[in-house]
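Asker: I'd like to go over a predicted model; first the sequence, then the structure.
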Amino acid sequence: SLPYDNYQTLDVIYEYIDKIAEDYPEIVTLVSSSKSFQGRPLKYLKISKDKFVSNKPIIYIDAGIHAREWITIPTVTYAIHKLVENVTEPDLLDNFDWILFPVVNPDGYVFSYERDRMWRKTRSLKDWSITSFLCRGVDGNRNFNFEWNTVGADDDKCSPIYAGTKPFSESESRTVGEIIDEHVDRMVLFITMHSFGSMILYPWGNNGSLSHNAFSLHTVGINMADAMNRLSLPHFPNYVVGNSMLTIGYGTSGAAEDYAHYRGVPLTFTFELPGLENEDDESNEFSEGFHLDPIYINQVCVETWAAFVIGARRAGDLF
Ligand code: 0X9
Ligand code: ZN
């Protein structure tokens with residue numbers, strides 16, 4: 001198991017992913033066929049009792065598309081741990097196949113870890129212009145092919161919500177898109193982990209309207225929120241569940257959760273994990289809610305695992 005008392009480097013996380021695939025070859029398949037802009041492998045695990053052959057429903061969870069949202073990554077490695085190393089819910093592997101993608105944007109994570117804690121985007125360079133060098137990267141969660149660059153996104157390379165030159169210009173978001181496209185027939189639950197704000201969001205994020213599936217989305221959403229709120233320390237607010245745009249208070253286009261739902265995944269959610277503003281004082285670079293104090297990592301992982309368990313079971317009942 002990885003330690004959950006601190007944020008780990010990409011190398012340590014990748015070693016863990018490799019080791020799990022090595023130690024549990026009967027149930028774990030490592031996929032690392034695509035690369036980030038800077039050439040790092042994009043690693044995800046397929047976890048299945050029968051190598052994905054028996055057409056079970058698929059649960060997909062990713063994290064780390066936004067570089068500074070560090071707390072998202074351990075929640076997915078912890079899910080791997082609970083599915084493979086420390087199994088307390090065996091029904092989850094009997095009844096489902098899993099795709100777990102802990103670091104969608106490894107270039108951004110390394111840059112945030114080593115250089116600029118508040119980095120959000122990928123690290124791609126679009127051309128040889130001065131602006132490109134000064135303002136690298138694309139917002140991965142504005143780069144999906146759903147209503148691309150129509151609302152809550154920017155053409156300006158320097159913007160933190162730069163949508164990119166075209167849908168799926170980034171290999172990081174494109175890899176997620178390809179997983180969705182490949183498995184859409186069987187994928188029943190898609191969760192993308194973000195921070196911060198203690199929210200569970202569902203489509204549509206671009207205009208606040210509800211999908212045909214809104215009742216199921218809300219039901220499964222509140223089931224997951226309930227599971228986390230029940231466990232939560234009084235220190236953190238309860239989760240709020242609702243439509244992405246109305247709940248977070250701004251519209252977005254080209255987001256992963258909307259793309260997955262638009263392609264046909266019935267239950268798609270964005271989690272905004274806990275984070276407190278001004279945890280210390282403003283002079284501290286860690287005072288923003290993105291740097292959740294490491295003492296809470298384990299607690300958040302235990303909570304999100306409870307949400308994934310109930311989410312998977314409810315998804316299995318419904319679809
Ligand atoms: O803006 C985002 O991409 C997400 N918030 S964050 O602070 N983690 O950057 C929220 C996306 C909400 N919209 C959709 N899920 N469609
Ligand atoms: Zn985010």
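Answerer: Yep, it's here. Ligands and ions are numbered 1, 2, ... in the order given.
Asker: if I pick residue 169, what's in contact with it?
Answerer: 124, 138, 143 (C-beta atoms under 8 Å, 6 or more residues apart in numbering). All C-beta spots, glycine's among them, are computed from the backbone N, C-alpha and C.
Asker: again, only using 10 Å
Answerer: The contact partners of residue 169, by C-beta atoms under 10 Å, 6 or more residues apart in numbering, come to 122, 124, 126, 138, 143, 148, 163.
Asker: who does whatever residue of the stretch 201-319 of the chain ends up closest to ligand 2 bridge with?
Answerer: Taking C-beta to the ion, ligand 2 has its nearest neighbour within the stretch 201-319 of the chain at residue 272, 7.4 Å off. Counting by DSSP bridges, residue 272 forms beta bridges with residue 194, residue 199.
Asker: that one contacts residue 257, doesn't it?
Answerer: No: contact criterion C-beta atoms under 10 Å: residue 272 and residue 257 do not qualify, at 11.3 Å.
Asker: re earlier: and ligand 2, which of the contacts of residue 169 contact it?
Answerer: Among those, no residue is within reach of ligand 2 (C-beta under 5 Å from the ion).
Asker: dump the residue contacts of residue 189.
Answerer: Neighbouring residues of residue 189 by C-beta under 10 Å, 6+ apart: 57-61, 96, 98, 220, 224, 260, 265-269, 308, 311-312, 314-316, 318-319.
Asker: run the last query once more with 7 Å
Answerer: By C-beta atoms under 7 Å, 6 or more residues apart in numbering, residue 189 lies in contact with 59, 60, 267, 311, 312, 315.
Asker: then residue 222?
Answerer: Neighbouring residues of residue 222 by C-beta under 7 Å, 6+ apart: residue 241.
Asker: distance of the closest residue to ligand 2 within the stretch 101-250 of the chain relative to residue 261?
Answerer: Going by C-beta to the ion, ligand 2 is nearest to residue 194 of the stretch 101-250 of the chain, at 3.3 Å. Residue 194 sits 16 Å away from residue 261, going by C-beta to C-beta, to the nearest Å.
Asker: contact partners for the closest residue to ligand 1 within the chain?
Answerer: At 2.1 Å from ligand 1, residue 205 is the closest residue in the chain, using C-beta to the nearest ligand atom. By C-beta under 7 Å, 6+ apart, the contact set of residue 205 is 244, 245, 251, 252, 255, 257, 258.
Asker: buried among these? Need that as a selection in PyMOL.
Answerer: Filtering these down to the buried ones (16 or more other C-beta atoms under 10 Å) takes a single PyMOL command:
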select buried, resi 244+245+251+252+255+257+258
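Asker: need the pLDDT of residue 286.
Answerer: Looking at residue 286, its pLDDT reads 50.
Asker: same check on residue 280?
Answerer: For residue 280, pLDDT reads 53.
Asker: what's the burial count for residue 33?
Answerer: 11 (other C-beta atoms under 10 Å).
Asker: that one and residue 289, how far apart?
Answerer: Distance, residue 33 to residue 289, using C-beta to C-beta: 35 Å.
Asker: would you mind listing what in the stretch 51-200 of the chain touches ligand 2?
Answerer: By C-beta under 5 Å from the ion, the residues of the stretch 51-200 of the chain that approach ligand 2 are 66, 69, 194.
Asker: stretch 136-146 - what's its average pLDDT?
Answerer: 98.
Asker: where's it relative to the chain centroid, distance-wise?
Answerer: 14 Å (C-alpha atoms, centre = their mean, to the nearest Å).
Asker: can you check the distance spanned by it, start to finish?
Answerer: 23 Å (C-alpha to C-alpha, to the nearest Å).
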